[in-house]
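# output the structure for:
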Amino acid sequence: MNKLFQITLLLVFILATGVSAQSVLTLPQAIELARLQSVDAAAALNELKTSYWEYRTYRADLLPEVSFSATIPDYRKSYDLYQTEDGAYKYVRTNSLRMTGDISIDQNIWLTGGKLSINSSLQHINPLNTAGANRYYMAVPVGVTLSQPIFGVNNMKWKRKIEPVRYNEAKAAYLENVEIVTLRTISLYFQLLLAKENLNIASQNKENADRIFEIAQARREMGQISENELLQLKLSALKAASNLTNEQSQLNAAMFRLRSFLGISESEQIDPTVPDLMRYPIIGYDDVIAKAQENNPLAQNIRRRQLEAEYEVAQARGAQREINLFASVGYTGQDQLFNSAYSNLMNNQVVQVGLKIPILDWGKRKGRVKVAESNREVIASRLKQEQINFSQDIFLLVENYNNQTEQLRIAKEADEIAQQRYNTSVESFMIGKINTLDLNDAQLSKDSARAKYISEMHLYWYYLYQLRSITLYDYEIGMDLDAEFESLING
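Modelled structure (predicted):
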């Protein structure tokens, strides 16, 4: 079944549960909802679309561009300055209608950085209200123009190096951002789950405290406990009632945050469940660092910044002198008749070489080159440090993940033991074998152990998906993370 269809069914199921009903939402379902409709996921997708269209624009620059330009009409009725044969100037009244059109095909030459154009144009002039004046057509059936910078920086060549790397970086960043959305979902989900567990604990503690206080009242009447112990148990019952109210507020706040992040209606009541424990093999540091260097956007980011630093040096060196070649060859014709304007064609050639070489600039251009070279060295040093920090972070993450399985196992066993101890302590207190201090200690240990278990499970999931976000690798199925980028962008 198509993954998008599964997500849609999931959303329909959750939203169709009704306003008053409490929907059971598992962690995988919450993750899928976040990827589908959270604001963070939408922002990640929009960033990908922006990068995609920037890349498409670059690709379009490598392809021929066909354009048409025209001036229809160009009517003029005015005075123009005119020089006569004897050198004198006078203003002449003009009254004419002109029309021009031009079709051109332009192609950037990435290998040399020049531009080649093929064009065809037609110009028509029609003198108005002028005796004896004739209409004229001037045609350029075909013309070829080359403009080429010499010794300057080849911008298109550098774009061919930089832009594909930039787009690959954007795709990897999108996958990473989706995993970051997952990490945010995991944190909010476990905050709600912990709040739910705390509320259940507070409710259970209140029931036990009320029941114990009732029994204590009867034991006080029989003289089995002191008045001080009775008052202490009453305070415990009041404290349990207060904690229950506080935990209810904490649950409502955690539920509001998760609903807001997932884009779920505020009237929906979410019921989180303790996730099933997924067990993965031990993950080695060498494997993680290799996958991160291959897939993580940092690798593409480093490569892009290195290329951009080199590009700035090339630009600074190319600006030390400017030599541009312009050449145009073709045919042109002119006549009073349209068809005749395309007959008896004559050569039309233009060649220009423009130079701009500084004679004295007080070292300004040389200084720009040195600044660009210095910036390149600074960037190289920063990138090296970033790589070192990245490797250190991965090492610590791998260690934490590999240790977390054992930490979670210990926390689960401690939770079960603490719960058993508390149940035994309640029974022992009721028959007078332990005092209130021992009972309170058992309760605190039980509550702490349960919170510890939920916290350790949170870290287990968090470390796992943090490894996914860094390596862009799914350890469950043993494949690199990927996405249908074209359908995402055009969907």
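# make it CA atoms for all contacts and neighbour counts henceforth
Noted.
# ok, residue 146 touching residue 328?
Yes: using Cα atoms under 8 Å, residue 146 is in contact with residue 328, at 6.3 Å.
# do you know how far the residue of the chain most remote from its centre is from residue 80?
Farthest-out residue of the chain from its mean C-alpha position, per Cα atoms, centre = their mean: residue 86, at 72.2 Å. Noted for residue 86: a distance of 18 Å to residue 80, by Cα to Cα, to the nearest Å.
# repeat that for residue 263.
69 Å.
# of these two, who's got more company?
residue 263 (15 against 10; other Cα atoms under 10 Å).
# and the more buried one, what does it touch?
34, 37, 38, 39 (Cα atoms under 8 Å, 6 or more residues apart in numbering).
# so what are the domain limits for this protein?
Per automatic domain parsing, the structural domains of the chain span 3-57+160-305+378-490, 69-109+114-153+323-357.
# ranking these by mean pLDDT, which is last?
Per-stretch mean pLDDT for those is lowest at domain 69-109+114-153+323-357 (a mean of 81).
# and whichever strand or helix holds residue 401, what other elements does it pack with?
Taking DSSP states H and E as the definition, residue 401 sits inside helix 364-430. Using 3 or more Cα pairs under 8 Å, 6 or more residues apart in numbering; DSSP states H and E, the elements in contact with helix 364-430 are helix 285-295, helix 297-318, helix 436-471.
# ok, which of these comes nearest residue 231?
helix 436-471 (10.9 Å; Cα to Cα).
# the closest one vs helix 285-295, what angle?
50 degrees (axes from the mean of the first three to the mean of the last three Cα atoms, to 10 degrees).
# for helix 436-471, which positions count as buried?
436, 439-440, 442-443, 445-447, 449-471 (16 or more other Cα atoms under 10 Å).
# against which helices or strands is that helix packed?
helix 155-221, helix 285-295, helix 364-430.
# which SSE is immediately downstream of that helix?
Sequence order places strand 473-474 as the next helix or strand after helix 436-471, per DSSP H and E.
# parallel or antiparallel, list what pairs with that following strand.
Sheet pairing for strand 473-474, assigned by DSSP bridges, gives strand 479-480 (antiparallel).
# check which helix or strand covers residue 24.
Assigned by DSSP H and E, residue 24 falls in strand 22-25.
# hmm, who's touching whatever helix or strand comes next after that strand?
Sequence-wise, the next helix or strand downstream of strand 22-25 (DSSP H and E) is helix 27-37. Helix 27-37 is contacted from outside by 7, 10-11, 41, 178, 181-182, 185-186, 189, 261-263, 272-273, 275, using Cα under 8 Å, 6+ apart.
# now flag whichever of those is closest to residue 481.
Residue 481 lies nearest to residue 178 out of those, by Cα to Cα, at 10.4 Å.
# re earlier: give me phi/psi at the residue farthest from the centre of the chain?
Main-chain dihedrals, residue 86, degrees, to the nearest 10: phi -90, psi 10.
# cool, and the one 4 residues further on?
In this entry, residue 90 is assigned phi and psi values of phi -150, psi 160 (degrees, to the nearest 10).
# how about residue 320?
The phi/psi pair for residue 320 (degrees, to the nearest 10) reads phi -70, psi -30.
# give me the neighbour count for it.
17.
# quick check: closest non-adjacent residue to it.
residue 365 (5.7 Å; Cα to Cα, 6 or more residues apart in numbering).
# that neighbour contacts residue 318, correct?
No: contact criterion Cα under 8 Å: residue 365 and residue 318 do not qualify, at 9.6 Å.
# list just the nearest of the contacts of helix 27-37 to residue 71.
residue 41 (48.1 Å).
# would you mind measuring from the closest one to residue 177?
8 Å.
# higher neighbour count, the two?
residue 41 (22 against 19).
# before we move on, which element is the more buried one in?
helix 39-61.
# what's whatever helix or strand comes next after that helix in contact with?
Next along the chain after helix 39-61, taking DSSP H and E as the criterion, comes strand 65-83. Residues outside strand 65-83 that contact it (Cα under 8 Å, 6+ apart): 89-107.
# got the contact list for residue 261?
34, 38, 39, 185.
# same check, this time on residue 137
122, 123, 124, 125, 334, 335, 336, 337, 338, 341.
# repeat that for residue 121.
Counting by Cα under 8 Å, 6+ apart, residue 121 touches 100, 101, 102, 103, 139, 140, 141, 142.
# one more time with 10 Å
In this structure, residue 121 makes contact with 68-70, 100-104, 138-143, 332, judged by Cα atoms under 10 Å, 6 or more residues apart in numbering.
# okay, now the sheet partners of the helix or strand hosting it, with direction.
According to DSSP H and E, residue 121 maps onto strand 114-127. Note on strand 114-127: by DSSP bridges, its sheet partners are strand 89-109 (antiparallel), strand 136-150 (antiparallel).
# between helix 155-221 and that strand, find me the angle.
Using the same axes, to 10 degrees: strand 114-127 against helix 155-221 is 110 degrees.
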